[in-house]
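In: starting from these lines, generate the structure:
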Amino acid sequence: MEFLHKLAMKLGKNPTLALIKLIQGGLIFFFGALMLMVADRVIEDSLIREIIALAGSIIAACGLFLALIGYLSMSVFRIYHMIKKKD
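Out: Predicted coordinates for the structure are as follows:
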């Protein structure tokens, strides 16, 4: 619980950083999705195609996670920070 409290205080204090994380996560996600589309439509059936698709999936998941952290920082952690600040 202490870890969550420290994380909420750190991320809830800086909404600009949270917005930057959200945008970066979205861009990384779309880059991974683009890799998946290129692997599906451009590259011939081979092992390289599957490796590129796997890399695209991993990159997209990392971007999604980063965007989620940015979104939570902007909303939930900000509210949590304001509530704990009053205590």
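In: the most centrally placed residue in the chain and Gly12, how far apart?
Out: Nearest to the geometric centre of the chain sits Leu66, at 1.9 Å (CA atoms, centre = their mean). Computed as CB to CB, to the nearest Å, the Leu66 to Gly12 distance reads 17 Å. Where you see a C-beta, it was placed from the backbone N, CA and C, and this is true even at glycine.
In: Ala60 too?
Out: 27 Å.
In: so where's the chain shaky on pLDDT?
Out: Residue ranges of the chain with pLDDT under 70: 1, 4-5, 7-9, 86-87.
In: and the helices in it?
Out: For the chain, applying DSSP state H gives helices covering 2-12, 15-41, 47-74, 76-86.
In: thinking again about what came up before, more neighbours: which of Ala60 and Gly12?
Out: Just comparing Ala60 and Gly12: by other CB atoms under 10 Å the higher neighbour count belongs to Gly12, 23 against 19.
In: for the residue nearest to the more buried one when sequence neighbours are not counted, give its distance to Ile20.
Out: Once flanking residues are discounted, Gly12 sits nearest to His81: 2.9 Å by CB to CB, 6 or more residues apart in numbering. His81 sits 18 Å away from Ile20, taking CB to CB as the criterion.
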